[in-house]
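below: sequence and its predicted model.
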Amino acid sequence: MKRAQQRFLGLPSPRQSHSNDEALPIGSLGLLDSAYLELMQQVNVLGRWQGGTLFGEVVAGHFTVQLVTPLGPPSGAAHPLFPHMPYLLGWSDCVARGYGEAVDWYGNWLAAPDGRLPDERADLSWLALGASQGLFDEQHALLMLGMHEGQLSGRAYCWQEGQRMNVTCTFGLMASGL
């Protein structure tokens, strides 16, 4: 069962046997070129906090972001962190069919209203809020984004046992190296 289905239907996560590589916390994050380009466009939408979801695959603690989606339909995304669940369910189903079962919703992204990378204290406020709502843990990341000198930059975090965990990010076209 995909993460969005578990969350929307209120079901507990199924017990799955994972290899040691699959159970590792996310320690690094890289963007495929298409995800990088989509995020650059989204960060350039100024005037309000922007947010969305990150779909990809986690292997040996490395999260490869393959697809970036909005939080919901234009009239349905009221909060920049919390996805419109029916919309997310639709994306999740499409992603599973198009990319395979290994690709799932493993994170969220946020960008400040001015398009610049927010202060790290703001990052941590968003991270704590999302963690309190079950969005972030050691297997699900928050990616904070901004533009700097025409390039996308950012910081990523996971949440483990009430503490932030910094995640190494790779930005730029072809930077994911995958």
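Nice, I can see it. All values derive from a computational prediction rather than experimental measurement.

all helices of this protein, in order?
With helices called from DSSP state H, the chain shows them at 3-9, 33-43, 85-99, 120-132.

buried residues, the first one. List them.
Translated: helix 3-9. 3, 4, 7 (16 or more other CB atoms under 10 Å). C-betas here are computed from N, CA, C, even on glycine.

which of the residues you listed sits closest to residue 117?
Nearest to residue 117, judged by CB to CB, of the buried residues of helix 3-9 is residue 3 at 26.8 Å.

give the contact list for that closest one.
Contacts for residue 3 were tallied using CB atoms under 8 Å, 6 or more residues apart in numbering; they are 92, 104, 105, 106, 140.

which members of those occur in strands, if any?
By the criterion of DSSP state E, membership of these in strands covers 104, 105, 106.

least trustworthy helix or strand in the protein by mean pLDDT?
Lowest by mean pLDDT, DSSP states H and E among the helices and strands of the chain is helix 3-9, with a mean of 75.

gap between residue 154 and residue 47?
Counting by CB to CB, to the nearest Å, the gap between residue 154 and residue 47 amounts to 19 Å.

residues in contact with the residue lying closest to residue 96 once chain neighbours are set aside?
With CB to CB, 6 or more residues apart in numbering as the criterion, residue 96 has its nearest non-adjacent residue at 6.0 Å, and that residue is residue 2. Neighbouring residues of residue 2 by CB under 8 Å, 6+ apart: 92, 93, 96, 104, 105.

please apply the same query to residue 168.
Counting by CB under 8 Å, 6+ apart, residue 168 touches 27, 28, 29, 156.

can you redo those residues as a markdown table with neighbour count, pLDDT and distance to residue 58?
Converted to a markdown table, the contacts of residue 168 look like this (neighbours: other CB atoms under 10 Å; pLDDT from 0 to 100; distance: CB to CB, whole Å):
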| residue | neighbour count | pLDDT | distance to residue 58 |
| --- | --- | --- | --- |
| 27 | 18 | 97 | 10 |
| 28 | 17 | 97 | 10 |
| 29 | 28 | 97 | 9 |
| 156 | 25 | 98 | 13 |
